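Novice: sequence first, then the predicted structure:
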Amino acid sequence: MINIDKYKVDIDKLKYKCCLDDMDFNTTEDVQPIGGIIGQERAVSSIEFGLKMKHKGYNIYIAGDSGIGRTSYAKSLIKKNVKLNDNLKDWIYVNNFKNANEPVALSFKAGIGREFKNDVDDIIDKLKVEIPKIFDSKEYESHNRLLMTELENNIHNIVEELNEFAKPRGFKFQITERGLMSIPTKEDGSVLDESELGNLTASQVRDLRERGLKLNQDSKEYIDKIKLSEDMYKNKCNELDRNVGRSLVGFYGQYLLEKYGDDEKVSNYINALCNDIVNNISKFKKESEDEKKNAMALFGIVSSKKDEKFLNKYKVNLFIDNSECKDCKIIVESNPTYYNLTGSIEYKNEMGSLTTSFMEIKPGALHKANGGFLIINARDLLSNAFSWECLKRTLKTGKITIESLNKQYGYLVTSTLKPEPIDLDLKVILIGNYYYYSMLYSYEDDFRNLFKIMADFDVEIYKNKENIYKTIQLISNICKESNLKHFDKSAVERLIEYSTRISDDKEKLSARFNKIIDMIYESDAVTDDDKPYVTRDDVDKAINQRRYRNNKYEEKLNEMFKEGTLLIDLEGEKIGQINGLAVMGTGEYSFGKPSKITASTYRGRRGIINIEREIKKSGSIHDKGVLILSGYLGARYGKERPLSISTSITFEQNYNGIDGDSASSTELYSVISSIANIPIKQYIAVTGSVSQKGEIQPIGGVNEKIEGFFDVCKIKGLTGKQGVIIPIQNVRNLVLKDEVVEAVKEGVFNIYAISSIDEGLEILTNKNKEEIDLEVNKVLDKYRKLDKEEENNKERKYLKSEKDNIKRDKVNGI
């Protein structure tokens, strides 16, 4: 009799029991709180190296699963390893006085940009007040009156010359409100009044009009002299205004040059600003009522109103202000659209058309992070059109260029700008999983040159004393920052056990700290208000409530097992039938489910037939597992002669897709049982993949699979014989719930660990390898014998047919 108890897993290996008696604390209140990174030495080393590298192309890609804390870790490492950039700059956009469509970008040390803007705005405001005062001064009025007198004298002399010219032609010129007009005269030289004009005959009026037109043509030279005098007057007035304004503007310009003139580009802008103000000094003058009554007004020369819109070109667009930046700049862009990255130019609707100015240039994340670090999620970046190309182009050129996508989309605007690009000085950190990294590295050549550092975060960390204590410090930190109740030692131990369960390894802790943090919040929420601390019972309660919130589908399936809708045998032995184990999931919750697997063997040549594959419900990995079965059977029983069998296998009552090879050993047991007609124990479920050499290989979800079968056995009634066979490598992954451990301890449930197919067959059939091989070979020899007889019969029939054909040919004389 085979002793299968030797394969049973020891009780102390079924679960990790955390004990923190060697650590001196009673509650997390006694522990110094700490944030930051736990474990992840390889990833931390990679990031720190990438932060030190200042050369082009050493941007960082941080790979790892969601929930590990990649973004928060990256930010904490930056703060730890990088100080405030001494070369951090403010950036402003100002008007380009040579080409207003190409605004100029100026840079200053952090905090100086705001000072420059305030100084320029203050100077413009002062000029708006002081310039009108200068033009209202007696000195300016005296100079202006001299010019006006000179103009009036010149015009008077020209008009007298013009009248001498017009007198023999019967006309006289006078200055009226409508300007210079010709008036007909009488023979004595006096002007015709209206009553005399009304008495003229039609022919006299016609003659008068013709002579007037002829006079106007002949007097063009005098009119030109008047216009020339006016132009000279305007030029002299403008030169007077410029001279008056130059002294005042020059004073303020010198102040700006002394304060900001160390930068040549800034110095050039200040000079251009002062020159433009001087050239447009009239825009600052205050309009007076007298201007409408002077000699200029008589000839249509009226001073324009002060144009506030015109003065907007002297404003300063403080584009990037780092005056309040005390730490290293870290910008996390959660929505990396094209415009959110590269900035944009906003437009306004004015009279039905879209217009803009350099004051409407808005910064993007690249500008805001300039001089620091920009963190972007890789999936979000690749999900937005043009964003990756924008980022790639910016990193390659070292310039941040603001460009509109309107032309690409075919939209038209009435006013466009092309702002001067800004120099790039930042390091980009992409956050994503390994799939996106592999895809970009394989298909995007520029990615390899731009992101030379890859930091790979693991989903689990080693469960050593240091990492356990850091986890306790993390719990203390969460409680303190979130104003939660602190956890006593028993509650901390339960959280460590929970972290181990998530990691699926008794020697590891989970690096998915978001799940641990969620459990901290939920444990605090379910604790009684009168308790000073969160206890182990509270953590258990929170875990059970989370399971209850998510296990509706599991309970429905268990109800179907209880009702008999889903068929399963947990007693006796059957040929070609076995209970396999699978893992199912609904969102973040996964659970195990037993499934009946059957095999039917008959004489044939097709080998193993995977019914799921035939109906296209089998995944590629499951197909591989089934083909491995053929390799194993061929190597074990078909080296000398063909197997001469056909065996169909299937998962009963399964109508969804199947993938994975964790049931390959289970299927092999069923196939061998079907071939040899050896019954299999139905009260023992099996999981584990198999190699072509018969080695049992580890699988995932071992805890969920064991617990899922245990729940069904509990529903049907525990008999003490029921149990699960698992790969021996998965023993280290066992972190079973207390109910299962207690059942094993009491002897009502069993867990076996094996390393080969032969060991599994011993447990399932109570037969050793030689006994099973004997039974298998009996059946195979029988099938081979039948095949041989069938072949002989076919040959005899063929020979008889050939003889009959020969006889028939002789009779026919052929």
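Specialist: Perfect, thanks for sending it.
Novice: show residues contacting stretch 123-139.
Specialist: 140, 241, 244-245, 248-249, 252, 255-256, 277, 281, 284-286, 311, 314-315 (C-beta atoms under 8 Å, 6 or more residues apart in numbering). Using the backbone N, CA and C atoms, a C-beta is placed for each residue, glycine as well.
Novice: helices - which of the residues you listed land there?
Specialist: Among the contacts of stretch 123-139, the residues falling in helices (DSSP state H) are Tyr140, Asp241, Val244, Gly245, Leu248, Val249, Tyr252, Tyr255, Leu256, Ile277, Leu311.
Novice: list the contacts of the first one.
Specialist: Contact criterion C-beta under 8 Å, 6+ apart gives Ile134, Leu240, Val244 as the residues in contact with Tyr140.
Novice: in a markdown table, list the residues you listed along with neighbour count, distance to Glu790 and pLDDT.
Specialist: Shown next, in a markdown table, are the contacts of Tyr140 (neighbours: other C-beta atoms under 10 Å; distance: C-beta to C-beta, whole Å; pLDDT from 0 to 100):
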| residue | neighbour count | distance to Glu790 | pLDDT |
| --- | --- | --- | --- |
| Ile134 | 18 | 123 | 78 |
| Leu240 | 17 | 125 | 72 |
| Val244 | 20 | 123 | 74 |
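Novice: from those, pick the one nearest Asp505.
Specialist: Ile134 (84.3 Å; C-beta to C-beta).
Novice: does the closest one belong to a helix, a strand or coil?
Specialist: Under the three-state scheme (DSSP: H, G, I helix; E, B strand; the rest coil), Ile134 adopts helix.
Novice: how about Lys326?
Specialist: Lys326 - assigned by three-state DSSP - is coil.
Novice: Leu84 is in contact with that one, correct?
Specialist: Yes - in this structure, Lys326 is within contact of Leu84 by C-beta atoms under 8 Å, at 7.0 Å.
Novice: more crowded one of these two?
Specialist: It is Leu84, of Lys326 and Leu84, that has more neighbours when counted by other C-beta atoms under 10 Å, with 15 against 7.
Novice: before we move on, the earlier item: quick one, which of the ones in helices among the contacts of stretch 123-139 are buried?
Specialist: Asp241, Val244, Gly245, Leu248, Val249, Tyr252, Leu256, Ile277, Leu311 (16 or more other C-beta atoms under 10 Å).
Novice: mind listing what the last one touches?
Specialist: So that's Leu311. Ile124, Lys128, Lys283.
Novice: what about the first one, neighbour count?
Specialist: Right, Ile124. Neighbour tally, Ile124, other C-beta under 10 Å: 17.
Novice: per-residue confidence at it?
Specialist: The predicted local distance difference test score for Ile124 is 90.
Novice: how about the second one?
Specialist: Among the per-residue scores, Lys128 shows a pLDDT of 86.
Novice: do you know how far it is from Ser282?
Specialist: 13 Å (C-beta to C-beta, to the nearest Å).
Novice: quick check, pLDDT for Ser644.
Specialist: Reported pLDDT for Ser644: 80.
Novice: the longest helix anywhere in the chain - contacts with which helices or strands?
Specialist: Using DSSP H to define each element, the chain has its longest helix at helix 769-811. On a contact count with 3 or more C-beta pairs under 8 Å, 6 or more residues apart in numbering; DSSP states H and E, helix 769-811 meets strand 589-603, helix 620-637, strand 645-651, helix 664-676, helix 757-765.
Novice: which parts of stretch 446-456 are buried?
Specialist: Quick answer for stretch 446-456 (16+ other C-beta under 10 Å): Phe447, Leu450, Phe451, Lys452, Ile453, Met454, Ala455.
Novice: need these in JSON lines with secondary structure and pLDDT, can you?
Specialist: JSON lines is the format used below for the buried residues of stretch 446-456 (DSSP: H, G, I helix; E, B strand; the rest coil; pLDDT from 0 to 100):
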{"residue": "Phe447", "secondary structure": "helix", "pLDDT": "94"}
{"residue": "Leu450", "secondary structure": "helix", "pLDDT": "94"}
{"residue": "Phe451", "secondary structure": "strand", "pLDDT": "95"}
{"residue": "Lys452", "secondary structure": "coil", "pLDDT": "93"}
{"residue": "Ile453", "secondary structure": "strand", "pLDDT": "93"}
{"residue": "Met454", "secondary structure": "strand", "pLDDT": "93"}
{"residue": "Ala455", "secondary structure": "strand", "pLDDT": "91"}
